[in-house]
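K.L.:
quick one, what's the 3D model for this:
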Amino acid sequence: QLVESGGGLVEPGGSLRLSCVASGFSMDDYAIGWFRQAPGKEREAVSCITNKGVGSFYQNFDEGRFTISRDNDKKTVYLQMNSLRPGDTALYLCGRRRYGCSGQTMFYDNWGQGTQVTVSS
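P.N.:
Numbering: from 1, shown residues only. Coordinates of the predicted model:
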């Protein structure tokens, strides 16, 4: 099971740190991906971190605003989001994939319920 938290309402330019906490399986064998889904849009990949701690970003998320990290002892993956924009408003979800990362939603399972991020003044 994966449980996301840390979302909320933030003004443009603000920051949030999302957490994805795992239970019921060993995180040592899984990559964890962060995705987001805005109303009426498809789920899109934001970032992923392998079981070895190598992070990657998808689409235009490699511009340095977001940082991904993991703490296997705490069974938690973090997504630090800075310089947030209204276009970042979405439901943010995490999923797991065995070992390596992928930008394709279909390769992940055990999705959490998500945490809502709203960027608005």
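K.L.:
find the residue at the geometric middle of the chain.
P.N.:
In the chain, the residue lying closest to the centroid (Cα atoms, centre = their mean) is Trp34, at 2.5 Å.
K.L.:
tell me what it is bridged to.
P.N.:
Ser47, Cys94 (DSSP bridges).
K.L.:
repeat that for Thr76.
P.N.:
Val21, Asp71.
K.L.:
circling back to that earlier point, so who does the residue nearest to the centre of the chain touch?
P.N.:
18, 20, 45-48, 68, 77, 79, 92-94 (Cβ atoms under 8 Å, 6 or more residues apart in numbering). Where you see a C-beta, it was placed from the backbone N, CA and C, and this is true even at glycine.
K.L.:
can you check Cys48 too?
P.N.:
Neighbours of Cys48 in contact, by Cβ under 8 Å, 6+ apart: 31-34, 55-56, 58, 68, 97, 101-103.
K.L.:
need those residues in TSV (columns: pLDDT, distance to Gly7 and secondary structure).
P.N.:
Output for those, formatted as TSV (pLDDT from 0 to 100; distance: Cβ to Cβ, whole Å; DSSP: H, G, I helix; E, B strand; the rest coil):
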residue	pLDDT	distance to Gly7	secondary structure
Ala31	96	22	strand
Ile32	96	17	strand
Gly33	96	17	strand
Trp34	97	12	strand
Gly55	87	20	strand
Ser56	86	22	strand
Tyr58	85	19	coil
Ile68	94	16	strand
Arg97	96	22	strand
Cys101	94	22	coil
Ser102	92	24	coil
Gly103	91	22	coil
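K.L.:
show me the contacts for Arg65.
P.N.:
Contacts of Arg65 (Cβ under 8 Å, 6+ apart): 81-84.
K.L.:
chain neighbours aside, what residue packs nearest to Val54?
P.N.:
Cys101 (7.9 Å; Cβ to Cβ, 6 or more residues apart in numbering).
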